[in-house]
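> predicted model, plus sequence, below.
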Amino acid sequence: MMLKTQTRHAIDPATARTLDTDQLRDHFHVGGLFAAGEINLVYSHYDRLILGSAVPAGGSLTLDAVAATGTATILERREMGVLNIGEAGTVHAGGESYTLETGEVLYVGMGSGPVTFEGAGRFYVLSAPAHQSHPTTLIRLADARRVELGARETANERVIIQFLHPEVCQSCQLLMGYTQFAEGSVWNTMPAHTHDRRMEAYLYFQLPEEGRVFHLMGEPAQTRHIVMANEEAVISPPWSIHAGAGTSSYTFCWAMAGDSVDFTDMDMIAMGDLR
């Protein structure tokens with residue numbers, strides 16, 4: 001089993017204004033995920049979120065100790081969310097086994113010990129520090145909360161599917177779900193917002209091989225962009241907007257960690273204030 005880890009340090013807004021394209025990508029873009037037979041993790045210093053992937057490719061991969069956490073096992077003082085974007089696969093945690101179909105999410109509570117991934121799943125993994133243990137829970141698509149928003153006329157007709165959300169599955173601080181766009185709709189999270197109380201990370205997927213999403217980030221009056229391909233992730237600092245437009249419809253997984261677990265806790269930015 002191959003475990004690859006990297007660390008991303010926090011960048012302040014003034015420094016971010018000085019970064020060129022390559023430097024922006026070095027700090028915020030996450031590529032090279034979902035490699036067969038590997039677990040790939042990124043430890044972010046924004047709210048200590050870990051994001052990554054596990055692709056057992058028909059075999060078995062076990063996620064246990066991660067040096068960056070300084071604990072005997074990754075879940076000793078953490079919780080975890082696992083999204084399967086591949087075919088059906090199995091996750092073993094806390095002495096139990098859970099089969100995840102495509103698009104389903106497993107919440108794994110603090111203290112569950114090692115986590116093992118098996119089968120044909122392509123697992124997107126998120127983990128945040130936790131202060132108490134909640135029950136490990138498999139959330140089926142039918143159990144998730146669906147919020148339909150937007151319109152075809154504004155190219156943002158979409159459904160937000162909430163999994164780790166106070167009305168669906170209790171967690172300490174990790175919020176998680178994904179947003180799917182109707183055919184012909186391409187804009188996400190616009191009008192833009194920030195939430196300085198928590199960071200966010202996006203995984204863009206179900207994007208055609210030649211398709212791209214132009215992810216917008218930065219302070220509202222100092223916006224920048226990062227070009228994203230299929231199954232690539234981006235880290236969004238608490239001070240940054242997080243929005244974008246694609247060359248076709250797509251899906252993105254959003255995850256947040258920080259002080260608030262209120263999904264609607266946002267500081268909205270007027271369109272006229274963006275630069």
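Received it, and whenever you're ready, just let me know what you need. Computed from a prediction, not measured in an experiment: that's the story for all the values here.
> for the nearest residue to V147 once chain neighbours are set aside, which residues are in contact?
Nearest in space to V147, with sequence neighbours left out and distances taken as C-beta to C-beta, 6 or more residues apart in numbering, is I160 at 4.3 Å. From N, CA and C alone the C-beta is placed, and that goes for glycine too. Neighbour list for I160: 146-149, 177, 179 [criterion: C-beta atoms under 8 Å, 6 or more residues apart in numbering].
> restricted to strands, list these.
146-149, 177, 179 (DSSP state E).
> would you list the buried entries among those residues?
Buried members of the ones in strands among the contacts of I160, scored by 16 or more other C-beta atoms under 10 Å, are 177, 179.
> looking at the ones in strands among the contacts of I160, spot the one nearest H215.
Nearest to H215 among those: T179, at 13.4 Å, using C-beta to C-beta.
> report the beta-bridge partners for L83.
V105, Y124 (DSSP bridges).
> count the neighbours of it for me.
27 (other C-beta atoms under 10 Å).
> just I269 next, same as before
18.
> what are the phi and psi values at the residue lying closest to D267 once chain neighbours are set aside?
Excluding its sequence neighbours, the residue lying closest to D267 (C-beta to C-beta, 6+ apart) is T194, at 5.0 Å. With angles defined as degrees, to the nearest 10, T194 sits at phi -130, psi 170.
> in contact with T194, which residues?
Counted by C-beta under 8 Å, 6+ apart, T194 has contacts 220, 238-241, 266-267, 269.
> list the beta-bridge partners for the residue nearest to V147.
V147, T179.
> tally of neighbours for P166?
13.
> name the SS class of the closest residue to D143 other than its chain neighbours, please.
For D143, ignoring the flanking residues on the chain, the nearest one in space by C-beta to C-beta, 6+ apart is V168 at 6.8 Å. With DSSP: H, G, I helix; E, B strand; the rest coil as the basis, V168 sits in coil.
> is it true that V168 touches R140?
No - taking contacts as C-beta atoms under 8 Å, V168 lies outside contact range of R140: 10.7 Å.
> who has more neighbours, those two?
Taking other C-beta under 10 Å, V168 and R140 do not tie; V168 has more neighbours (19 against 12).
> which of the ones in strands among the contacts of I160 lies closest to R198?
G177 (14.4 Å).
> which ones are touching the closest one?
105, 144, 160-165, 253-254.
> check L19 too.
11, 27, 224.
> want to throw these into TSV with distance to Q132, pLDDT and secondary structure?
Below are the contacts of L19 laid out as TSV (distance: C-beta to C-beta, whole Å; pLDDT from 0 to 100; DSSP: H, G, I helix; E, B strand; the rest coil):
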residue	distance to Q132	pLDDT	secondary structure
I11	31	95	coil
H27	32	98	helix
R224	37	97	strand
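> drop anything exposed from those.
If we count by 16+ other C-beta under 10 Å, the contacts of L19 have these buried: 11, 27, 224.
> surely the first one touches H27?
Yes - at 5.3 Å, I11 counts as touching H27 under the criterion of C-beta under 8 Å.
> and the gap between the residue nearest to D267 and A221?
12 Å (C-beta to C-beta, to the nearest Å).
> pull up the overlap in contacts between these two.
Counting by C-beta under 8 Å, 6+ apart, nothing touches both T194 and A221.
> among the contacts of G177, name the ones in strands.
Per DSSP E, these map to strands at 105, 160-164, 253-254.
> sec struct for T15, please.
Per three-state DSSP, T15 ends up helix.
> neighbours of it, how many?
Quick note: T15 (other C-beta under 10 Å) scores 11 neighbours.
> likewise for V82?
V82: 26 neighbours (other C-beta under 10 Å).
> same question for Y202.
27.
> partner strands of the helix or strand hosting it and their direction?
Here Y202, judged by DSSP states H and E, is contained in strand 198-205. Here strand 198-205 is paired, per DSSP bridges, with strand 232-236 (antiparallel), strand 251-258 (antiparallel).
> mean pLDDT and distance to Q23 added to those, as CSV?
CSV is the format used below for those (pLDDT from 0 to 100; distance: least, C-beta to C-beta, whole Å):
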stretch, mean pLDDT, distance to Q23
strand 232-236, 98, 14
strand 251-258, 96, 23
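> would you turn the ones you listed into a markdown table with distance to L100 and mean neighbour count?
Conversion of the strands paired with strand 198-205 to a markdown table gives the following (distance: least, C-beta to C-beta, whole Å; neighbours: other C-beta atoms under 10 Å):
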| stretch | distance to L100 | mean neighbour count |
| --- | --- | --- |
| strand 232-236 | 19 | 24 |
| strand 251-258 | 14 | 23 |
